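Engineer: I'll drop the sequence and a predicted model, then ask my questions.
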Amino acid sequence: MQKIRSRVGLCTFILIFFFAGLLVFLNQYRKHAREWFLQPYNRHLYSQDNVLVSGTVRDRNGLILSTVNDGQRIYNGDETVRISTLHVVGDPYGKIGTSALATLYTELISYDRIRGIAAVSENGNTVNLTIDADLNAAAYKALDGRNGTVCVYNYKTGEIMALVSTPAYDPENIPEDLEENEAYSGVYLNRFFSTTATPGSVLKPVILQAALENLTASDIDPSQTGPISECRFNCKGIISFSDGYVKCPKIHGSQTLSETLANSCNCAYAAMAVALGNVRVSEYMQRSGLTSSYRVGAVNTARGTFSVTGVADYRLGYAGVGLYLDQVNPCSLMVYYAAVANGGTAAVPNTVRSVTDAKGREVYKPELTMTGKILSEGSSALIRQMLQNDVIATYGKDRFPCAIAAKSGTVERSGGASDSWFAGFTTDADKPYAFVVFIEHGGSGSRAAGSVAAEVLKALTSGQ
């Protein structure tokens, strides 16, 4: 009897231990089953080359951009569409870390905790993007083989209508020398999200904002009175400081504040930056969002840099015209211009409309996120008017298919042509779009980047 009791006790202990362990396992399964299931070593989800073989990506109009057929990931049948959407959709191997295939792979896979592997199909879920594939193709063609980035988005909804980054390549015909050829340097980076560059004159609206809110005419010229908006600036082609000077491309003579922006007068903006001082200029750069990072889905944009602490007037003046050590991210710059258009705030961009399962049921939809207050309604209204005047007085409104407000930037490079910027927004309330174009070694901001913007806006408005 003693032995029987002992054995019963041992069996009872084992059963208790077993069921306790089973409860622990079931709890862990409940918490982590999907995570375990999605690991790259699951051959039901990934090929031997570590290519995701489940899920479909479509554009905003339902056009398939990437899907899976017979265990192979395939892309759209149009070569230009494939190349132009590469950085948004993603490459087969997940090397473009900001793409849909890389950041939304868990959403692409349809997983059933009860049925497990039996529920897996190569179709999986569908990621419905905000981009229009035809508009992306138009932007890619407009870049005409040059390296850079183009983006247009709705600053009310946050939906990115077009996003192109170059260099790019055809994911159906991957170049054999992709890793070695200098022409593809940086190809895995989405320039819109992950890079920064010297902004040049597209930064001037930030200095203009700070001046409108802090300076008077007498801060620039003691002989004048009244608000800064009534100041006249006398450009002699050069402005000297104790430690150096800032030059303008030409002598602009006497100008109103609005004319200084249309003329992109370096002397005027260097003078305003120095009058504001290091601390105030740094404060407004931070307020603008250009030194911060935005969260776009699962992607953090690159932070810009602006460092003028302790520098003398000459360097502060150069920083005020978008040079010196200034670096901005294209996404953050576009959002700033969107905030100018929208009365001081704007939607944070996104590339995903929704994720749906095989039955068309919505399983994920991103929430609309707005920026904080970037500038006052009064300042944004004045800057909007001046940016509209830029187009009328300098760039030529007839170049564009719709009414816009914009600023160009041309940044001289020691080797090769200048870098080109063009940023702005449409002024029609029914078409709330902001845009940015950056072209590496593109030349004149107005001619090169401005022409790309015109082509993309033409494609955007003709399709509506």
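Structural biologist: The structure has been received and is ready for your questions.
Engineer: list the contacts of the nearest residue to residue 161 once chain neighbours are set aside.
Structural biologist: Spatial nearest neighbour of residue 161, excluding adjacent residues (Cβ to Cβ, 6 or more residues apart in numbering): residue 152 at 4.7 Å. C-betas here are computed from N, CA, C, even on glycine. Residue 152 makes contacts with 135, 139, 160, 161, 162, 433, 434, 435, 456, 457, 460, as judged by Cβ atoms under 8 Å, 6 or more residues apart in numbering.
Engineer: rebuild those residues as TSV, extending it with pLDDT and secondary structure.
Structural biologist: Shown next, in TSV, are the contacts of residue 152 (pLDDT from 0 to 100; DSSP: H, G, I helix; E, B strand; the rest coil):
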residue	pLDDT	secondary structure
135	98	helix
139	98	helix
160	98	strand
161	98	strand
162	98	strand
433	98	strand
434	98	strand
435	98	strand
456	98	helix
457	97	helix
460	96	helix
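Engineer: now, of the residues you listed, which are buried?
Structural biologist: Among these, those classed as buried by neighbour count (16 or more other Cβ atoms under 10 Å) are 135, 139, 160, 161, 162, 433, 434, 435, 456, 457, 460.
Engineer: from memory the second one sits against residue 146, does it?
Structural biologist: So the one you mean is residue 139. No. Look at residue 139 against residue 146 with Cβ atoms under 8 Å: they stay out of range, at 11.8 Å.
Engineer: return the distance of the helix or strand containing the residue nearest to residue 161 from the chain's centre.
Structural biologist: Element membership for residue 152, per DSSP states H and E: strand 148-154. A distance of 7 Å separates the centroid of the chain from that of strand 148-154, by Cα atoms, centre = their mean, to the nearest Å.
Engineer: what are the pairing partners of that strand, and which direction each?
Structural biologist: strand 160-166 (antiparallel), strand 433-439 (antiparallel) (DSSP bridges).
Engineer: would you turn these into a markdown table with distance to residue 297?
Structural biologist: Output for the strands paired with strand 148-154, formatted as a markdown table (distance: least, Cβ to Cβ, whole Å):
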| stretch | distance to residue 297 |
| --- | --- |
| strand 160-166 | 10 |
| strand 433-439 | 18 |
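Engineer: the stretch 351-464 of the chain: helices as residue ranges?
Structural biologist: 377-390, 450-462 (DSSP state H, counting those that start in this stretch).
Engineer: quick one: the shortest one to strand 433-439, angle?
Structural biologist: Helix 450-462 runs at 150 degrees relative to strand 433-439, counting by axes from the mean of the first three to the mean of the last three Cα atoms, to 10 degrees.
Engineer: got any ranges where this protein has weak pLDDT?
Structural biologist: Filtered on pLDDT under 70, the chain yields the residue ranges 1-10, 19-20, 22-53, 110-123, 463-464.
Engineer: what's the spacing between the spatially most central residue of it and residue 299?
Structural biologist: Centroid-nearest residue in the chain: residue 331, 2.8 Å away (criterion: Cα atoms, centre = their mean). To residue 299, residue 331 is 9 Å away according to Cβ to Cβ, to the nearest Å.
Engineer: what's the nearest residue to residue 416 if we skip its chain neighbours?
Structural biologist: Residue 416's closest residue in space is residue 441 (Cβ to Cβ, 6+ apart), at 4.6 Å.
Engineer: since we're on the one you found, how many residues are nearby?
Structural biologist: Residues within reach of residue 441, counting by other Cβ atoms under 10 Å, total 15.
Engineer: residue 340 too?
Structural biologist: The number of residues near residue 340, taken as other Cβ under 10 Å, comes to 32.
Engineer: who are the neighbours in contact with it?
Structural biologist: Applying Cβ under 8 Å, 6+ apart, the residues contacting residue 340 are 205, 375, 380, 383, 384, 387, 405, 425.
Engineer: so what does it look like in phi/psi?
Structural biologist: Here the main-chain torsion angles of residue 340 (degrees, to the nearest 10) amount to phi -60, psi -40.
Engineer: ok, now how distant is it from residue 437?
Structural biologist: 17 Å.
Engineer: and what of residue 274?
Structural biologist: When residue 274 is compared with residue 437 (using Cβ to Cβ), they lie 30 Å apart.
Engineer: do the same with residue 341
Structural biologist: Where residue 437 is concerned, residue 341 sits at a distance of 16 Å (Cβ to Cβ).
Engineer: what about residue 274 and residue 437, which has more around it?
Structural biologist: residue 437 (33 against 22).
Engineer: not counting sequence-adjacent ones, nearest residue to the more buried one?
Structural biologist: Per Cβ to Cβ, 6+ apart, closest to residue 437 is residue 449, 4.1 Å.
Engineer: residues touching that neighbour, list them.
Structural biologist: Here residue 449 is in contact with 148, 408, 409, 420, 421, 422, 437, 438, 439, 442 (Cβ under 8 Å, 6+ apart).
Engineer: how does it look with 6 Å?
Structural biologist: Counting by Cβ atoms under 6 Å, 6 or more residues apart in numbering, residue 449 touches 420, 421, 422, 437, 439, 442.
Engineer: same deal with residue 403?
Structural biologist: Contacts of residue 403 (Cβ under 6 Å, 6+ apart): residue 427.
Engineer: what about residue 316, neighbour count?
Structural biologist: With other Cβ under 10 Å as criterion, residue 316 counts 23.
Engineer: quick one: the nearest residue to residue 296 once chain neighbours are set aside from residue 79, how far?
Structural biologist: Leaving aside its sequence neighbours, residue 296 sits nearest to residue 349 (Cβ to Cβ, 6+ apart; 5.5 Å). Counting by Cβ to Cβ, the separation of residue 349 from residue 79 is 27 Å.
Engineer: repeat that for residue 67.
Structural biologist: Where residue 79 is concerned, residue 67 sits at a distance of 17 Å (Cβ to Cβ).
Engineer: now residue 248
Structural biologist: With Cβ to Cβ as the criterion, residue 248 and residue 79 are 45 Å apart.
Engineer: give me the more crowded residue out of the two.
Structural biologist: residue 248 (20 against 13).
Engineer: then the residue nearest to the centre of the chain would be within a helix, right?
Structural biologist: Yes. Residue 331 forms part of a helix when assessed by DSSP: H, G, I helix; E, B strand; the rest coil.
Engineer: tell me the contacts of it?
Structural biologist: By Cβ under 6 Å, 6+ apart, the neighbours of residue 331 are 192, 193, 301.
Engineer: okay, these in JSON lines with distance to residue 365 next?
Structural biologist: JSON lines is the format used below for the contacts of residue 331 (distance: Cβ to Cβ, whole Å):
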{"residue": "192", "distance to residue 365": "23"}
{"residue": "193", "distance to residue 365": "21"}
{"residue": "301", "distance to residue 365": "22"}
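Engineer: just the buried ones from these?
Structural biologist: Buried among these (16+ other Cβ under 10 Å): 192, 193, 301.
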